[in-house]
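Chemist: Take a look and give me a structure for this.
(chains A and B)
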Amino acid sequence: MHIRLKIWRQEEAGSPGRMESYELKEVNEDMSFLEMLDVLNEQLMRQGVRPVEFDHDCREGICGQCGVMINGRPHGPLKNTTTCQLHMRSFRDGQEIYIEPFRAAAFPVKCDLKVDRSALDRIIQAGGFISVNTGQAPEANTTRIASPLAEAAFDAAACIGCGACVAVCKNSSAALFTSAKVTHLALLPQGKEEAQDRVLHLVNQMDAEGFGHCTNTEACEVECPQEISVLHIARMNWEFNKAHILRR
Amino acid sequence: MTQTTLTRKIWMALTGLFLCFFLVIHLLGNLQLLLPAAESQLQFNAYSHLLSGNILIKIISWVLYASILAHVIYAIIITAANTRARKVKYHYDRRGSASKWYSRNMGLLGTVIFIFLVIHFRDFWYVYKFGQLPLDAKGNKDLYTLVTEVYSQGWYVAVYVICMVALCYHLLHGFFSAARTLGVYHPKYVRWIKALGWIYSVGICAGFAFIPVYVHFLK
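Modeler: Residues are numbered from 1 along each chain as shown, chains lettered A, B, ... in the order given. Okay, the predicted model is just below:
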């Protein structure tokens, strides 16, 4: 395959960036998208040009590191797929591909396609945990959790924090991410204890990081690699409203 | 009270739902315009007089004006915050394929509706409250004749219908979005609310759009 690339190049945080054009003559259609970028970087290094920096780790679709904007969509043209699980067969021979970093005021660009997503970590730190004395592991059946409930909580916990929900949102809202944390812990008995404080802390941190409002366009669910449901946002709103009204 | 992204949306939802409720009452009142001419005139004018004299209706009308203002003001505050949150644009943007266009353009649709409201208030509300209107056979202000005269202009009816289409899309997203903001998360009731939202939005807007068309062509 012959591929023409337009890639966002930026030296460092705060420096001005621009779109640069590159060409790859022999791309195998079975390559993953990241392998294609590896091939590009080898070509650039041979030419003495600084390689394109991008985040990646597991390349198995489970770590959430590799999010970039591909032809105007987070993680590229496929629904519910990470960038590493996208293959070059999803593109046409001779196609022009735009690659840009995820954009949001809360996700400052660090270099080229790498963005600082630590805002999501700080949201988790604000309340995405339960406070218990650990000590010895308790007997497994002391706290009974029915299978459907465990599954529902796990559906929310499956979020890999890639940031695609923020990148696709017209308001750069982190509602889907934050709500996944809220639901995940609010459903389980261990998380119920602090449910009220948690949702308030999570929402306050989400706002402090500069994410926008949720307009319920539901684009986040479409692009989420883990198919996190927008109904978690509804549950976050419910938990928040309850906590807000009952707060002393 | 500190404002969070969620509390601002709650205000949007509550004021929006009150406006939704008002639209139902308003449409039911307007349906009297579809009665035969002579009967319609007396009944519609008597109904208008009844509304303008009632203290309860007066209180509701103040809540209505406050709701419209709060809905607009919060929309502006929210839009400004959202603009700050996204800051840098994409060079190549195809994000629109992941959501419905009307869900992304509530501000634009809302602006169309607001302009419509200004015209609507000027043509009917202002004239009824502060203008000089002739009286009908029963001594009530003759709002009916004013309405039918305004609706006899083809361009006015066309603009009216276009505005009702904008309202329909606004309600289509707004109704279900309000329920979500208030926290309806049960999948079954979410489906019901989406269906109800469709029926409500199409019903209200088709009803409102039909009245001027009917008056224009058949009265």
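
Chemist: packing partners for the one helix or strand in chain A whose mean pLDDT sits lowest?
Modeler: Sorting the helices and strands of chain A by mean pLDDT, DSSP states H and E puts helix A:189-192 at the bottom, at a mean of 90. Identification of packing neighbours for helix A:189-192 by 3 or more Cβ pairs under 8 Å, 6 or more residues apart in numbering or on different chains; DSSP states H and E yields helix A:175-186. C-beta coordinates here come from the backbone N, C-alpha and C atoms, glycine included.

Chemist: Who are the packing partners of the helix it packs on?
Modeler: Against helix A:175-186 (3+ Cβ pairs under 8 Å, 6+ apart) you get helix A:118-127, helix A:147-157, helix A:164-168, helix A:189-192, helix A:195-208, helix A:219-223, helix A:231-246.

Chemist: hmm, the longest one touching chain B?
Modeler: Yes: part of helix A:231-246 sits close enough to chain B to count as contact by Cβ under 8 Å from any Cβ of the partner chain, namely A:231-242, A:244.

Chemist: ok, which residues in chain B are in contact with chain A?
Modeler: Residues of chain B lying close to chain A by Cβ under 8 Å from any Cβ are B:4-10, B:78, B:81-82, B:84-95, B:97-100, B:103-104, B:106, B:173, B:176-177, B:180-185, B:187, B:190.

Chemist: now those residues: which count as buried?
Modeler: B:4-10, B:78, B:81-82, B:85-86, B:90, B:92, B:95, B:98-99, B:103-104, B:106, B:173, B:176-177, B:180-185, B:190 (16 or more other Cβ atoms under 10 Å in any protein chain shown).

Chemist: For chain B, which segments are assigned as helices?
Modeler: Under the criterion DSSP state H, chain B contains helices at B:5-30, B:37-53, B:55-86, B:101-104, B:106-120, B:127-130, B:143-151, B:154-182, B:187-218.

Chemist: got JSON lines for these, with distance to residue A:31 and mean pLDDT too?
Modeler: Shown next, in JSON lines, are these (distance: least, Cβ to Cβ, whole Å; pLDDT from 0 to 100):
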{"stretch": "helix B:5-30", "distance to residue A:31": "41", "mean pLDDT": "96"}
{"stretch": "helix B:37-53", "distance to residue A:31": "70", "mean pLDDT": "91"}
{"stretch": "helix B:55-86", "distance to residue A:31": "32", "mean pLDDT": "95"}
{"stretch": "helix B:101-104", "distance to residue A:31": "34", "mean pLDDT": "96"}
{"stretch": "helix B:106-120", "distance to residue A:31": "41", "mean pLDDT": "96"}
{"stretch": "helix B:127-130", "distance to residue A:31": "70", "mean pLDDT": "91"}
{"stretch": "helix B:143-151", "distance to residue A:31": "65", "mean pLDDT": "94"}
{"stretch": "helix B:154-182", "distance to residue A:31": "40", "mean pLDDT": "97"}
{"stretch": "helix B:187-218", "distance to residue A:31": "39", "mean pLDDT": "96"}
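
Chemist: Adding mean neighbour count as columns, could you present the helices and strands packed on helix A:175-186 in a markdown table?
Modeler: As requested, those are exported to a markdown table (neighbours: other Cβ atoms under 10 Å in any protein chain shown):
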| stretch | mean neighbour count |
| --- | --- |
| helix A:118-127 | 18 |
| helix A:147-157 | 14 |
| helix A:164-168 | 30 |
| helix A:189-192 | 14 |
| helix A:195-208 | 21 |
| helix A:219-223 | 25 |
| helix A:231-246 | 21 |
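
Chemist: Tell me if stretch A:84-97 is near chain B.
Modeler: No: if you take Cβ under 8 Å from any Cβ as the test, stretch A:84-97 misses chain B, and the best it gets is 9.2 Å.

Chemist: Now that stretch: buried residues?
Modeler: A:84-88, A:91, A:97.

Chemist: Can you flag which of the residues you listed belong to strands?
Modeler: If you go by DSSP state E, the buried residues of stretch A:84-97 have residue A:97 in strands.

Chemist: Return the member of the buried residues of stretch A:84-97 nearest to chain B.
Modeler: Of all these, residue A:97 has the smallest distance to chain B: 9.2 Å, by Cβ to the nearest Cβ.

Chemist: Residue A:1 is in contact with the closest one, correct?
Modeler: No: counting by Cβ atoms under 8 Å, residue A:1 is not a contact partner of residue A:97; they are 10.8 Å apart.

Chemist: shared neighbours of these two, which are they?
Modeler: Common contacts of residue A:97 and residue A:1, defined by Cβ atoms under 8 Å, 6 or more residues apart in numbering or on different chains, comprise residue A:91.

Chemist: Could you tell me the end-to-end distance of stretch B:132-144?
Modeler: Using Cα to Cα, to the nearest Å, the end-to-end distance of stretch B:132-144 comes out at 14 Å.

Chemist: can you give me how far that stretch is from the chain middle?
Modeler: 26 Å (Cα atoms, centre = their mean, to the nearest Å).

Chemist: List the buried residues for that stretch?
Modeler: B:133, B:136, B:140-144.

Chemist: ok, how many other residues are close to residue A:80?
Modeler: 16 (other Cβ atoms under 10 Å in any protein chain shown).

Chemist: contacting residues for it?
Modeler: So residue A:80 contacts A:222-227 (Cβ under 8 Å, 6+ apart).

Chemist: give me that answer again for 6 Å
Modeler: A:225, A:227 (Cβ atoms under 6 Å, 6 or more residues apart in numbering or on different chains).

Chemist: May I have the phi/psi pair for it?
Modeler: phi 50, psi 50 (degrees, to the nearest 10).

Chemist: Residue numbers of chain A in contact with chain B?
Modeler: Residues of chain A lying close to chain B (Cβ under 6 Å from any Cβ of the partner chain) are A:19, A:72-73, A:98, A:100, A:103, A:105, A:168, A:170-172, A:203, A:207, A:210-213, A:216-219, A:222-223, A:231, A:234-235, A:237-238, A:240-241.

Chemist: For residue A:139, see how far away the nearest residue to residue A:79 once chain neighbours are set aside is.
Modeler: Nearest non-adjacent residue to residue A:79, counting by Cβ to Cβ, 6 or more residues apart in numbering or on different chains: residue A:222, 5.8 Å away. Residue A:222 is 42 Å from residue A:139, where distance means Cβ to Cβ, to the nearest Å.

Chemist: Also residue A:50?
Modeler: 57 Å.

Chemist: When the two are compared, which one has more neighbours?
Modeler: In terms of neighbours (other Cβ under 10 Å), residue A:50 is the more surrounded of residue A:50 and residue A:139; the figures are 12 against 7.
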